[in-house]
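Kindly return the folded structure for what I paste below:
(2 chains)
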There are 2 protein chains.
Amino acid sequence: MTTESFVVPFSEGSADQKSLLGGKGANLAEMTRIGLPVPPGFIVTTDACRRYMAEGGSPEGLFDQVDEALADLEAQVGRKLGDPESPLLLSVRSGAVFSMPGMMDTVLNLGAMPETAPGLAAMGDEWFAQDAARRFLEMFGKVVLGVDGELFDDNVEQANEAAGGASERDLTVEQLAEVVAKHRQAIAAAGKELPEDPRDQLRLGIEAVFRSWDGDRAKAYRRIEGIPDDLGTAVNVQMMVFGNLGDRSATGVAFTRDPATGENVHYGDFLIGAQGEDVVAGTRAVEPLSALGDSFPNAQEELEETLNTLEQHYRDMCDVEFTIENDKLWMLQTRIGKRSAAAALRMAVEMVDEGLIDEVEALKRVTTKQLEAMLHPRFGPDAPEPITTGLAASPGAAVGKVVLTSKEAKERGEAGESVVLVRPETSPEDLEGMVASAGMLTARGGLVSHAAVVARGLGKPAVCGANELKIDAKAGTVTVNGTVINADDVISIDGTTGQVVIGEVELEIPEDDPNVAKLLIYADKQRTLHVWANADTPEDARRALEAGAEGIGLCRTEHQFLGDRLPLIRQMILSKTEEEELAALEPLEAQQKEDFEGVLEVMDGKTVVIRLLDPPLHEFLPDPLELRLKEASEGLDADEQKLLEAAEFHHEHNPMLGVRGIRLGILRPNVYAAQVRAIIGAAVARKQAGGDPRPEIMLPLTAPSQELKWGIDLIHATAKEVIDESGVDVHYPTATMIETPRAALRAKELAPHVDAFSFGTNDLTQLPFGFSRDDVEASYIPAALEQELLPVDPFRSLDPAGVGRLVDMAVTEGREAKPDLVPGICGEHGGDPDSIHLCHKVGMNHVSCSASRIEVARLAAAHAAMEGSGPASTA
Amino acid sequence: MTTESFVVPFSEGSADQKSLLGGKGANLAEMTRIGLPVPPGFIVTTDACRRYMAEGGSPEGLFDQVDEALADLEAQVGRKLGDPESPLLLSVRSGAVFSMPGMMDTVLNLGAMPETAPGLAAMGDEWFAQDAARRFLEMFGKVVLGVDGELFDDNVEQANEAAGGASERDLTVEQLAEVVAKHRQAIAAAGKELPEDPRDQLRLGIEAVFRSWDGDRAKAYRRIEGIPDDLGTAVNVQMMVFGNLGDRSATGVAFTRDPATGENVHYGDFLIGAQGEDVVAGTRAVEPLSALGDSFPNAQEELEETLNTLEQHYRDMCDVEFTIENDKLWMLQTRIGKRSAAAALRMAVEMVDEGLIDEVEALKRVTTKQLEAMLHPRFGPDAPEPITTGLAASPGAAVGKVVLTSKEAKERGEAGESVVLVRPETSPEDLEGMVASAGMLTARGGLVSHAAVVARGLGKPAVCGANELKIDAKAGTVTVNGTVINADDVISIDGTTGQVVIGEVELEIPEDDPNVAKLLIYADKQRTLHVWANADTPEDARRALEAGAEGIGLCRTEHQFLGDRLPLIRQMILSKTEEEELAALEPLEAQQKEDFEGVLEVMDGKTVVIRLLDPPLHEFLPDPLELRLKEASEGLDADEQKLLEAAEFHHEHNPMLGVRGIRLGILRPNVYAAQVRAIIGAAVARKQAGGDPRPEIMLPLTAPSQELKWGIDLIHATAKEVIDESGVDVHYPTATMIETPRAALRAKELAPHVDAFSFGTNDLTQLPFGFSRDDVEASYIPAALEQELLPVDPFRSLDPAGVGRLVDMAVTEGREAKPDLVPGICGEHGGDPDSIHLCHKVGMNHVSCSASRIEVARLAAAHAAMEGSGPASTA
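As a prediction, the model looks like this:
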């Protein structure tokens, strides 16, 4: 049996070995490979970590390999670990496959011991040598030995106080040496033993990094991010270079493009005379990268070149950590850089223009979440610093006055004021207040807290879990890190970033971002799924066309019965004889004909799927409770009395499960006939005006095929009358909604009657689950998501296992019975990226969604089509 | 090519050739074969009819074969068709595979022409000869030539009037001859030609019978009875024998046992000097069969023997038509006799005792409908003649005062009076009146009319479509054939038979019919499906045990929260803190423990499946409308105010789709924990008392498997506490309801968590169809059934295509994941025979139904098990 190899020198790895070397290690190796200035070192592989976890200890042979690699490293750099004259210091850093920022452990300055102080002093000065020892003891003590870090903080603080300085940088060498001595005492007092041999320290350091993979915080992070627990981490052992050797040294971070705007300029900042941790700590003010040349002209030039090389090499924006040690540039890390939504979009499109990537790659680089953020109001570039940042719980930005109770939010919001509801957390009682608010801000709760779920459902911005808020509802104040916000003060929240700002922020809506339009053109070339719109009026249709809709997948007719026309439909409902009913329908028919003409005109040459009346009749009647209360107090007049009787007669225990859809048509066939006459009549008029009307008539909520056949027969018989009468032929395909599980289960018998299926996935979710959105959205669903009893809110994303199975069965079996069947979706899910992937997978023709979701749907459809070639997750 | 054979003489056929010879022909052949006195004849086969329909005319060679068979017949009987001296008269009767009484055509006395009058007169007398000619002309004219029958009726009536007699029997020979002449004139005047050659008449007669297969009435009948349209009919051509040759002749019908009671005595009646059609017309009073010996001792003896022979031969009760011609007995028809429910049961059981049939055969002989009729109240043997008979729309009998409006029925019914609602027809507005009535009687509407459907749903007796009723609601009267019934008069209706009787009929409930018990013992031996009961209390359980329940498949716990305990559960609902909630639950837990002990004691040694709380909380709260009205009028006290707030908070738009079942448990876990403690505590107490308690704990309305796992974990954790505390081990399997389509679709993931599935088919019907029973039972469902848009009321019988598919998937996939899974059904469908067949077919372990349905379920389960060996339809 040959010994397994657990150690890889930087010079022998490459960027495509991330799962073995970890992300950081693979990129260090890659930079080494392409000749960039990386301090030498080696990687202890994730295999070694996995063996450590499985066996409860380091695998046999590991440390022999480490010793060997260390010897090579020492030979290469001409320094030795523990050597008094020419000491090598090491950084021991974790490097998992997926970045887990701040979750795992690191030991720096390993090798800075009393024996090596002279050599270190020779590199810099005495102070530097003591400071390196201090830093090492603090990190090794905390991370490897488990000593309480406060003990070290106390030592430093006491020294600062005694010296009358502000920080350890003001201590003298002697004072610093005193701190180092006290640190050693603290370790001993805690009952821990500091191994004096740096090779032992290295071994313990590597194992400490292994162990940090299974730390509680790391595990929690992985659970949230969906990172598997069995990947393990690599450990990067690297020669330390020092940005803190004085003013010819510095450390910094840089991006190959601006990560906020996406502009093609280098971006970053640096700190003279500091180690990387000092930059992260944020205690000293950094300088912008553009000023680097002033102090380090050569290093600056080399960095510019390096950044260009990296971007060309990785064909993407990279971020780096660098250190300048005595004017010499060293690269400590690189990776694909995180970016804002706007930057992601701009970079993707510009890199195509620059020839760096192709359109497919550009599409992979922009998630639907990022595109969506671009479509929502957001803070403008001049927004002040946030006072705090919470979780980005529901996208969009809002400005409004702080109110602290839902009752007040309801009253003032309904009165037209823009208010932001600020609560410790929300519960079902807050629903009405949330509906009336411009946005929500909570101090507690995560991304699936009640507030977050409800806000997303309502399409309102929300920042949740902003735990720096202290809310005192009685006093009417919100305190954030000492700053007091009073009720009625104006605040601004951005639910896309989680930022909270005091005062009014100017919001930005990039309506005509040319990069959005360009990216969507790329998307249109890739996608095979058509994107249609749900639109009820000519105005809706126009907006949908502008957003790129290729047709109307759902034109609801019920809204056309509201407003001025409500008295007409009430008259129809109250009619006692068929003559009365027909008389009441006549003006409604004429008005609907006009409505349909308008929509068909806007969508000339494109399919418009018009759904016959769907909701139960009581939706057009007043609330019986209110009438009863009025009856009890002041009495009702004769008309009101009739309305009350009708409202009580048509009252339903479960309106969602009552007389609606085609069932209503069966009980009131004249209503459907009038609607069909209006549709065909409108198409005739459009044809006579030289247009190309393409109406499709759709029946709602069918279950058995006999119902559907009844409806289709009625449509054809009625349409024939209108066509014969006018002498103008109209082509009108027919469709049925697939909303009931029964319909999905018997698609085989439904398909032969129609040209198209349209999945109504609100019903097709609530019926399989047995819960309605209205009744569980604010109560059961948040609780179930929080307890992970539901994998996802099925009203936001189609439930693949249950609803998806029904949809798949219906498409497959429907096509078996009718090969040219046109299946699509017109529920709200039609605008949800994950649901669009599912629709693509089951082979639908189109998704139909509200106008505001069309852009996102176009991108998601492209991602779905590219899935075979491995697109970025669109979630 | 050999010519096909289209004609079969009686002497060459047998009873097993029904599809070729038709039912009547096959039995005539069989009687001939076993030596009974059948007038000779032959059968034109159904093949010939099918060819006639397919080709639009009689197949080649048919009439050559008919001529040949006729020649053989003439030779056999020594008479010839059309022979003046020794004429043969023929009957030409249809005979389909399935009996279609009165739907098809017949020509009798074919061959009675002027030329044959002398020969006929020689057989009887001149009057007989003329009468035969008259009868022939009337039938041939109407059936074959299509002459309006009223023309013939007018001729006879005019002659009667002229002669001053009451019927044609009072006419003289000359007067009758005059009628015959006028009949011939009427035919000619109608532009029709009467062929003078009786062979031509025979050909036309046979073709007329063929054509009658496709008559509108016949088609409608077949549609209702589910008889295929392509079977065709046979035609029986047979020598006429005459019961109307004078007082040595007679005709009658007889049954081998009493078809009303099942008693093993011959039964029937006869008419001296008459042809069969005279008996059917009912214009002359018949004599009972027991008197036949007085007039025809020899024929009577031969008939007795013949009836005995037939019953032994067919091993079933037969009915026959017979004719005595000059003291000679002839058998004209036999078939398996129709019988009342009581007779079917008694005969089946007694024939087993007599060794005539085996138990399996006896089970096939009794339908579940018949058994069900035996279990409902019915008219006793002394019930007076009905004043009218309508459709048997909903089984059971009722006695009550006539009320003519639903409003009055509601008021008086709710006040405790027994009323029968009498309406022209019913509509959804009548629902409350129907609920409050003892029974319903309508003048219009069929078996799927609103009244019929609703009555069956309510389990109330109903007679529908009694179209002799003239209802005058204003006058407060119901007139039936001249008899006036006033509002408030007492009437009795029997929905099992359709009978309506004036006055109070003594009702009969065969509680301890030993034949029922015997038949059910046969059934228990055959069935493989267990029959359990839905029972909530010890009393329910006791009744179920008596009816034969083998376990309790559903013990609901919600009823235990009503009555005295309502304040306790309200206190629980109103609790603001967990302490308050726990305090409120404590007494409820103690009381439930007692309840469960009671049920477990009754069902000692048998499984009792206890379902945790299922309904939404608002079911335990008052109606917010009522409280609001009270608030508006007199104001609310503090408690009422709290109740109002809670009622409005828990109010749901769609309670069926709200927070119920396990979703309630997830939001109020302490409630489920208290219930589990009560169940396990009760079992511990029963064990300590020496019993054998077998509780099974069931979770309602699960959808995703994570929910189910949560619930099962809670059950086990809670049960363990009680078991550990008591030191008494309790075995308790767990189960989940399968009520949501999502659960059925993901049975694979649910099954591993539980021991058993119980299908709740009310939800599992309303969710797939998207309609709730409450909301469509009185509106959409009756309309859809009437228009045949629903094949069956899916709340009565499991919808096989949709719901059945889900159930099948769930059982199959659940068993794949957990081979020893125990699937059963506990919805109302568990007592419906068709649904029980489905449950058997998909491989369930048990059906659980209300105590009153257990007997029917036992029989249906036996039928289902026997299905392989071809049982009678159980519908």
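
Tell me which residue in the stretch 451-600 of chain A sits closest to chain B.
When you check the stretch 451-600 of chain A against chain B by Cβ to the nearest Cβ, the closest residue turns out to be residue A:576, at 12.4 Å. Backbone N, C-alpha and C define where each C-beta goes, glycine included.

for whatever residue of the stretch 351-500 of chain A ends up closest to chain B, what are its contacts?
Here the residue of the stretch 351-500 of chain A nearest chain B is residue A:429; by Cβ to the nearest Cβ that distance is 7.3 Å. Applying Cβ atoms under 8 Å, 6 or more residues apart in numbering or on different chains to residue A:429 gives the contacts A:406, B:649.

Surely it is within a strand?
No. With DSSP: H, G, I helix; E, B strand; the rest coil as the criterion, residue A:429 is helix rather than part of a strand.

pLDDT score for it?
Per-residue pLDDT puts residue A:429 at 72.

ok, residue A:850 touching residue A:827?
No. Shown here, residue A:850 and residue A:827 do not form a contact pair, counting by Cβ atoms under 8 Å, at 10.8 Å.

ok, the two, which is more surrounded?
Using other Cβ atoms under 10 Å in any protein chain shown as the criterion, residue A:850 and residue A:827 rank with residue A:827 on top: 26 against 19.

how near is the closest residue to that one other than its chain neighbours to residue B:768?
Leaving aside its chain neighbours, residue A:827 sits nearest to residue A:761 (3.3 Å; criterion: Cβ to Cβ, 6 or more residues apart in numbering or on different chains). Relative to residue B:768, residue A:761 is positioned 16 Å away (Cβ to Cβ, to the nearest Å).

hang on, the earlier thing: could you tell me how many residues sit around the residue nearest to residue A:827?
Neighbours around residue A:761, by other Cβ under 10 Å: 28.

Lowest average confidence across helices and strands of chain A, where is it?
When the helices and strands of chain A are scored by mean pLDDT, DSSP states H and E, helix A:276-281 comes last with a mean of 70.

Assumed the residue nearest to residue A:827 was part of a helix.
No. Read with three-state DSSP, residue A:761 is coil and lies in no helix.

Assess the claim that it and residue A:828 are in contact.
Yes. Residue A:761 is within contact range of residue A:828, at 7.3 Å (criterion: Cβ under 8 Å).

how about the helix ranked longest in chain A: buried residues?
As assigned by DSSP state H, the longest helix anywhere in chain A is helix A:578-602. Neighbour-count burial for helix A:578-602, counted by 16 or more other Cβ atoms under 10 Å in any protein chain shown, picks out A:581, A:584-585, A:588-589, A:591-593, A:595-602.

Please identify the helix or strand for residue A:234.
strand A:233-239 (DSSP states H and E).

For the stretch 151-300 of chain A, which residue gets nearest to chain B?
Nearest residue of the stretch 151-300 of chain A to chain B (Cβ to the nearest Cβ) works out as residue A:223 at 15.1 Å.

what's that residue in contact with, if anything?
The contact partners of residue A:223, by Cβ under 8 Å, 6+ apart, come to none.

Quick check: it is in a helix.
Yes. Checked against three-state DSSP, residue A:223 lies within a helix.

Okay, and the most centrally placed residue in chain A sits in which element?
Chain A has residue A:369 as the residue nearest its centroid, 4.9 Å off, counting by Cα atoms, centre = their mean. Assigned by DSSP H and E, residue A:369 belongs to helix A:368-375.

Need the mean per-residue confidence for that helix.
Per-residue pLDDT over helix A:368-375 has a mean of 87.

what helices or strands is whichever helix or strand comes after that helix leaning on?
Next in sequence after helix A:368-375, counting helices and strands by DSSP H and E, comes strand A:378-379. With contacts taken as 3 or more Cβ pairs under 8 Å, 6 or more residues apart in numbering or on different chains; DSSP states H and E, strand A:378-379 sits against strand A:490-494, strand A:507-508.

These: which one's closest to residue A:774?
Ranking the helices and strands packed on strand A:378-379 by their distance to residue A:774 (criterion: Cβ to Cβ) puts strand A:490-494 first, at 26.8 Å.

by contact count, what packs against that closest one?
Here strand A:490-494 touches strand A:378-379, strand A:397-403, strand A:419-423, strand A:439-442, strand A:462-464, strand A:499-502, going by 3+ Cβ pairs under 8 Å, 6+ apart.

for the stretch 301-450 of chain A, what are the low-confidence residue spans?
Where the stretch 301-450 of chain A drops to pLDDT under 70, the residues are A:428, A:448.

Columns mean pLDDT and mean neighbour count on top of the helices and strands packed on strand A:378-379, output as CSV?
Compiled in CSV, those are given as follows (pLDDT from 0 to 100; neighbours: other Cβ atoms under 10 Å in any protein chain shown):
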stretch, mean pLDDT, mean neighbour count
strand A:490-494, 96, 25
strand A:507-508, 87, 17
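
who wins for proximity to residue B:649 among these?
strand A:490-494 (28.4 Å).

Can I get the closest one in PDB, CA atoms only?
Output of strand A:490-494 as PDB, limited to C-alpha atoms (Å, rounded to 0.1, in the frame of the first residue of the first chain):
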ATOM      1  CA  VAL A 490     -38.800  59.300   8.600                       C
ATOM      2  CA  ILE A 491     -36.700  56.300   7.900                       C
ATOM      3  CA  SER A 492     -35.700  54.500   4.700                       C
ATOM      4  CA  ILE A 493     -35.300  50.700   4.300                       C
ATOM      5  CA  ASP A 494     -33.900  48.700   1.500                       C
END
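
tell me the angle that strand makes with strand A:419-423.
80 degrees (axes from the mean of the first three to the mean of the last three Cα atoms, to 10 degrees).

Just checking: what are the partner strands of strand A:490-494?
Here strand A:490-494 is paired, per DSSP bridges, with strand A:397-403 (antiparallel), strand A:499-502 (antiparallel).
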